[in-house]
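Chemist: show me how the following folds:
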Amino acid sequence: MPQITAIVATYNRQQYLAEAIAALEAQDRPLDHIVIWDDGSTDGTETFARRLEAGSGGRVRYRRSANGGKSRALNAALAETAGDFVWICDDDDIALPHAAATLEAALTGSRAGLAAGRHDRFRDDPVSGRREMLGTGYWPDLTRGSILRHILEDVFFFQNATLVRREALERVGPFREDLARSIDYEMFVRLAARYPVAICDDILFHQRKHDGARGPRGARHTAAASEAVWLENDRLIFSGFREILPLDLYAAMFDGPNEGLRRRAGLLQRGTVHARRVDWDAAVEDFESAADLCPGTPLTATERAVVIRAMSGKHGTGGAFAAPHGPRLLALRARSVAGRGIAAALGRGAVWRVRESAARGAVGEAARAALFVARAGSQPARDTPIALHERTHLREADYDW
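Modeler: Presented below is the predicted three-dimensional model:
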């Protein structure tokens, strides 16, 4: 029977840690080890964890280091622990009793490097103490497209609902210690680019929403500032992935008889990934390259769907409609037949931004988006007769790059 080691990195969260650890100890499938790595807490964490360790018969281990951030704590814990499967859990969330057994069953006997499931969210009222369940977070339609494509476009599962093979973690390397946030997301992308992901459709943990400070001591930020920090780190990690992930991996997400169209779809997909990080320099470069590949062939319906998603990222559209990016995107119309289709698909995606901005009362944003929609033009009158489809599963060879 494979061993499961749970790792909990913590910093000044003693008020939440007790409930998080109790949930791990209450798993239907008992965990082989629970490692609590204290990243230099100054509250009651050490006293609580040492008492827990003393009464666990060796199953709970407590380690402490100077404050250096969650990534450093996780890397240190991984270096000191064993076990076939690794379950990294946050110190403020609550695993459901069936979580470990469900994730283990998904990994056992499969080629997957990791298994992941759903979560829902909750908040404890600071005055009444009443627990309010907030429903599930973002979860895409996984019947269309590969898991890799979905995780590149947006994170939708989290560490408490993820069990990873130790050999997979060793292959892709340690957590990045230069990131204030998104360390789990960055790791998920690396893993999903090398291994299939087994998805469990069950809710496996309750994610706590609260207003406490986040990040290591030298880079603490409030919950209110999380969106800006999240965007900054997302852009940072994807600028790195642009150099690491080969275009062939993006092209492998598509199936069809025409190699040129598969590569064009890969460029459009990579451009869309960067657009959703508001990195329009990279996105425009990919869209222009795509317009020059099979330039006389109109976009397929599959390609149009990819480009439309460029405008629907959670970080907004940033400077997409202003100089220098807006004019370059609109200039795609005159570049080629393919370019005309790309511009029209971007305009189609921007229609949603018009509505969303108007609903928020952001009149200026809505006006800029509406002007872009009007100038982007319509779809070409005809589709290409060449078939192109998006894969739901990559081939085993696609992960060997």
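Chemist: tell me the SS of the closest residue to Pro174 other than its chain neighbours?
Modeler: Using CB to CB, 6 or more residues apart in numbering and skipping the chain neighbours, the partner closest in space to Pro174 is Asn75 (4.5 Å). To be clear about C-beta, it is placed using only N, CA and C from the backbone, and glycine gets the same treatment. Put simply, Asn75 is helix when judged by DSSP: H, G, I helix; E, B strand; the rest coil.
Chemist: surely Asn75 and Glu177 touch.
Modeler: Yes. Between Asn75 and Glu177 a contact is recorded at 7.0 Å, counting by CB atoms under 8 Å.
Chemist: neighbour-wise, which of these two wins?
Modeler: Higher neighbour count among Asn75 and Glu177: Asn75, with 19 against 15, using other CB atoms under 10 Å.
Chemist: can you pull out the strands in the stretch 251-400 of the chain?
Modeler: 254-255, 389-390 (DSSP state E, counting those that start in this stretch).
Chemist: parallel or antiparallel, which strands does the last one pair with?
Modeler: In other words, strand 389-390. Strand 389-390 has its sheet partners listed here by DSSP bridges as strand 254-255 (antiparallel).
Chemist: centre of the chain to the strand it pairs with, how far?
Modeler: 22 Å (CA atoms, centre = their mean, to the nearest Å).
Chemist: re earlier: redo the strands of the stretch 251-400 of the chain as a markdown table? Include mean neighbour count.
Modeler: Output for the strands of the stretch 251-400 of the chain, formatted as a markdown table (neighbours: other CB atoms under 10 Å):
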| stretch | mean neighbour count |
| --- | --- |
| strand 254-255 | 20 |
| strand 389-390 | 15 |
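Chemist: nearest to Leu52, of these?
Modeler: strand 389-390 (47.6 Å; CB to CB).
Chemist: look up how far Ile151 lies from the residue nearest to Pro174.
Modeler: Separation of Asn75 from Ile151 (CB to CB, to the nearest Å): 22 Å.
Chemist: Ala320 now?
Modeler: 23 Å.
Chemist: more neighbours: which of these two?
Modeler: Ala320 (23 against 20).
Chemist: can you give me the helices in the stretch 101-250 of the chain?
Modeler: Ranges of helices within the stretch 101-250 of the chain are 147-153, 166-172, 183-192, 226-244, 247-251, based on DSSP state H, counting those that start in this stretch.
Chemist: send me the fourth one as CSV with only the CA atoms.
Modeler: Yep, that's helix 226-244 we're talking about. Extracted in CSV, the C-alpha atoms of helix 226-244 (Å, rounded to 0.1, in the frame of the first residue of the first chain):
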residue,chain,number,x,y,z
SER,A,226,-4.2,39.9,-3.1
GLU,A,227,-5.6,40.6,-6.6
ALA,A,228,-2.7,42.9,-7.6
VAL,A,229,-0.1,40.6,-6.1
TRP,A,230,-1.7,37.6,-7.8
LEU,A,231,-1.6,39.3,-11.2
GLU,A,232,2.0,40.4,-10.7
ASN,A,233,3.1,36.8,-9.9
ASP,A,234,1.0,35.3,-12.6
ARG,A,235,2.7,37.5,-15.2
LEU,A,236,6.1,36.6,-13.7
ILE,A,237,5.6,32.9,-13.8
PHE,A,238,4.1,32.9,-17.3
SER,A,239,6.9,35.0,-18.7
GLY,A,240,9.2,32.1,-17.5
PHE,A,241,6.9,29.5,-19.0
ARG,A,242,7.2,31.2,-22.4
GLU,A,243,10.8,30.3,-22.5
ILE,A,244,10.4,26.8,-21.0
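Chemist: what angle do helix 183-192 and it make with each other?
Modeler: 30 degrees (axes from the mean of the first three to the mean of the last three CA atoms, to 10 degrees).
Chemist: ok, residues contacting helix 226-244?
Modeler: If you take CB atoms under 8 Å, 6 or more residues apart in numbering as the criterion, helix 226-244 is touched by 176, 179-182, 185-186, 189, 214-215, 221, 270, 273-274, 277-279, 282, 315.
Chemist: hmm, try it at 10 Å
Modeler: With CB atoms under 10 Å, 6 or more residues apart in numbering as the test, helix 226-244 has contacts from 152, 154-155, 176, 178-183, 185-187, 189-190, 193, 214-215, 219, 221-222, 245, 270, 273-274, 276-279, 281-282, 285-286, 313-316, 318, 401.
Chemist: report the buried residues of that helix.
Modeler: Of the residues in helix 226-244, Val229, Trp230, Leu231, Asn233, Asp234, Arg235, Leu236, Ile237, Phe238, Phe241 count as buried by neighbour count, 16 or more other CB atoms under 10 Å.
Chemist: got these as JSON lines, with pLDDT and distance to Arg111 columns?
Modeler: Listed next are those as JSON lines, based on pLDDT from 0 to 100; distance: CB to CB, whole Å:
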{"residue": "Val229", "pLDDT": "81", "distance to Arg111": "35"}
{"residue": "Trp230", "pLDDT": "74", "distance to Arg111": "32"}
{"residue": "Leu231", "pLDDT": "86", "distance to Arg111": "34"}
{"residue": "Asn233", "pLDDT": "86", "distance to Arg111": "30"}
{"residue": "Asp234", "pLDDT": "88", "distance to Arg111": "29"}
{"residue": "Arg235", "pLDDT": "88", "distance to Arg111": "32"}
{"residue": "Leu236", "pLDDT": "89", "distance to Arg111": "31"}
{"residue": "Ile237", "pLDDT": "93", "distance to Arg111": "26"}
{"residue": "Phe238", "pLDDT": "94", "distance to Arg111": "26"}
{"residue": "Phe241", "pLDDT": "96", "distance to Arg111": "23"}
